[in-house]
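A.B. asks: Need a 3D model of the sequence below.
(one chain, ligands or ions: 1)
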Amino acid sequence: MLTLHHHHLSSLPRVIPRVLLPTIATKRLLSYKPHIITTPIITKSQSQSQKRSLHLAPPFLLDSYVPRYLQLSEIDASKKRSQAYAHLAKCNLCPRKCGVNRYEGTGWCLIGEKVKVNVIAPHFGEEPCIQGHHGSGSVFFSMCNLRCVFCQNHDISHQRNGMDLTPEELGDWYIKLQEVGNVHNINLITPEHVVPQVALSILHARSQGLRVPIIYNTSSYDSLESLSLLDGLIDIYLPDFKVWEPSTSKRLLKAEDYAVTARESIKAMHAQVGDLCFTGDGIAKSGVLLRHLVMPGLEEEGKEIMRWLAENVSRDLFVNIMEQYRPAAYVGKVKARRRGNVNGDGEREKGEVMEGEEAKKEERRYAEINRAVNAKEVESVRKAAERAGLWRFCDPPRHDGFNI
Ligand code: SF4
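C.D. replies: Residues are numbered from 1 along each chain as shown. All right, here's what the predicted structure looks like:
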């Protein structure tokens, strides 16, 4: 039996920084009254519900599931705590390897000892097997260790907006999401630069009664050290594999070593948790769910990624090939330095702003990706994935069952 005491909750932050929720749900979160939790970690009815009633190959169907952090011994938990503190004192935890003391300053990611959180809320924008019926308990961390010029969340990942939280306060929010939001999981979004704090928050939350799986939702720009700290704490890895060529990642992600790092990281994640598995209610509980956002004009890189995954990770890897790319962040913005009218020599006069069709044609940043993807590009990546032997895709169901 696990107990949640009143004094733990009385110190919870009173304000949700920015909420994606409908108002009623927000009010429920804010008016949460602490109570004693007497539920066992996994109930009988949970573990026995709708057994083997889905169109799903048996190896990927679980009768029940206990999160990995609940299986960790106290000795391993305290080892992880001291590793996390040591990393904060000299942070080389992500591939940027700044070596800074985060109790005193910040490195490339601009985040010190406390995490900065932009949104905490049940979220319904994820894959059906992740969001389920009650939503995924999402925590959007501010800032990132990449600077993707097309970032689809740039207001969060490129700006230091939000609320500062200690690892313990962060862990208390997981409990709120579980108890009030009734979410299926805790979904840590863009956490690569706050892994020590995340590890400490999970260990705190387990002592407070957390019992839902933890998702690590990452760009894959992680290090092996950081993934080893997370080993035993994370149930589902949700890595992106964005681009393949170093020249592309240098230009668009501001990290030339992105693909080599992602390859190493995704292999390590898969070695920890394996292929994606579900319980009979259609909700994913453990394993890797890989995402690839098809980029305009970069479908050859997408195909390369699919081939590599099939050959080096697993042909049973669950893959979501996404088509919702839209120009964002710096893409399509007018280039300030080239503003001006063309003079007699064909050069632009400084200070004068181009207008109309001419501005549209010439003056956009990252013009090569300043459009949506087309169906042909998406289809070609999908076909390459199938040819390579991948078969578990995040598609709408062709039967009456869940989308798994
Ligand atoms: S997590 Fe931040 S401080 Fe640590 S190495 Fe990466 S960018 Fe630098």
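A.B. asks: which residue is nearest the middle of this structure?
C.D. replies: Within the chain, one residue has its C-alpha closest to the average C-alpha position: by C-alpha atoms, centre = their mean, that is N217, at 2.1 Å.
A.B. asks: Tell me the helix or strand right after the host helix or strand of that residue.
C.D. replies: For N217, the element it lies in under DSSP states H and E is strand 214-218. If you walk from strand 214-218 toward the C-terminus, the next helix or strand you reach (DSSP H and E) is helix 224-230.
A.B. asks: buried ones in the next helix-or-strand element following that following helix?
C.D. replies: Along the chain past helix 224-230, the next helix or strand (assigned with DSSP H and E) turns out to be strand 236-239. With burial defined by 16 or more other C-beta atoms under 10 Å, the residues of strand 236-239 counted as buried are I236, Y237, L238, P239. No exception for glycine: its C-beta is placed from N, CA and C like everyone else's.
A.B. asks: got a list of what the residue in the chain positioned nearest to the ligand touches?
C.D. replies: Per C-beta to the nearest ligand atom, G107 is where the chain lies closest to the ligand, at 2.8 Å. For G107, the set of contacting residues under the criterion of C-beta atoms under 8 Å, 6 or more residues apart in numbering consists of C91, R96, C98, G99, V100.
A.B. asks: switch to 10 Å and redo it
C.D. replies: Going by C-beta atoms under 10 Å, 6 or more residues apart in numbering, G107 touches C91, N92, L93, C94, R96, K97, C98, G99, V100, N101, N145, H193.
A.B. asks: The third one and S226 touch, don't they?
C.D. replies: Right, the one you point to is L93. Yes: contact status for L93 versus S226: in contact at 4.7 Å, counting by C-beta atoms under 10 Å.
A.B. asks: Overlap of the contact sets of those two?
C.D. replies: Shared contacts of L93 and S226, defined by C-beta under 10 Å, 6+ apart, are found at H87, E192, H193, V195, P196.
A.B. asks: Of those, which are in range of the ligand?
C.D. replies: Of the entries in the shared contacts of L93 and S226, those that also sit close to the ligand under the rule C-beta under 6 Å from any ligand atom are H193.
A.B. asks: For the shared contacts of L93 and S226, work out which two are farthest apart.
C.D. replies: In the shared contacts of L93 and S226, two members sit farther apart than any others by C-beta to C-beta. They are H87 and E192, at 12.8 Å.
A.B. asks: What residues does the nearest residue to F393 once chain neighbours are set aside make contact with?
C.D. replies: Using C-beta to C-beta, 6 or more residues apart in numbering and skipping the chain neighbours, the partner closest in space to F393 is V319 (5.7 Å). Taking C-beta under 10 Å, 6+ apart as the contact definition, V319 lies against 241, 276, 288-292, 305-306, 309-310, 313, 381-382, 385, 390-394.
A.B. asks: you'd agree K303 is up against E379?
C.D. replies: No: using C-beta under 10 Å, K303 makes no contact with E379, being 11.3 Å away.
A.B. asks: Compare these two and say which one has the larger neighbour count.
C.D. replies: Looking at K303 and E379 with other C-beta atoms under 10 Å, you find the greater number of neighbours at K303, namely 19 against 14.
A.B. asks: Only the buried residues of the helix or strand the more buried one falls within, if you could.
C.D. replies: Element membership of K303 [criterion: DSSP H and E] is helix 299-312. Residues E299, E301, G302, K303, E304, I305, M306, R307, W308, L309, A310 are the ones in helix 299-312 that count as buried (16+ other C-beta under 10 Å).
A.B. asks: pLDDT weak spots in the protein?
C.D. replies: The chain contains residues with pLDDT under 70 at 1-58, 336-362, 397-404.
A.B. asks: domain ranges for it?
C.D. replies: Described in terms of automatic domain parsing, the domain architecture of the chain consists of the residue ranges 68-325+373-393, 326-339+353-369.
A.B. asks: looking at these, which is buried most?
C.D. replies: For the domains of the chain, average neighbour numbers computed from mean count of other C-beta atoms under 10 Å are highest in domain 68-325+373-393, which has a mean of 20.
A.B. asks: That domain spans what distance, first to last residue?
C.D. replies: 25 Å (C-alpha to C-alpha, to the nearest Å).
A.B. asks: before we move on, the earlier item: and of the buried residues of strand 236-239, the nearest to P59?
C.D. replies: Nearest to P59 out of the buried residues of strand 236-239 is I236 (C-beta to C-beta; 16.8 Å).
A.B. asks: Contact partners for V100?
C.D. replies: For V100, the set of contacting residues under the criterion of C-beta under 10 Å, 6+ apart consists of L88, A89, K90, C91, N92, T106, G107, W108, C109, G112.
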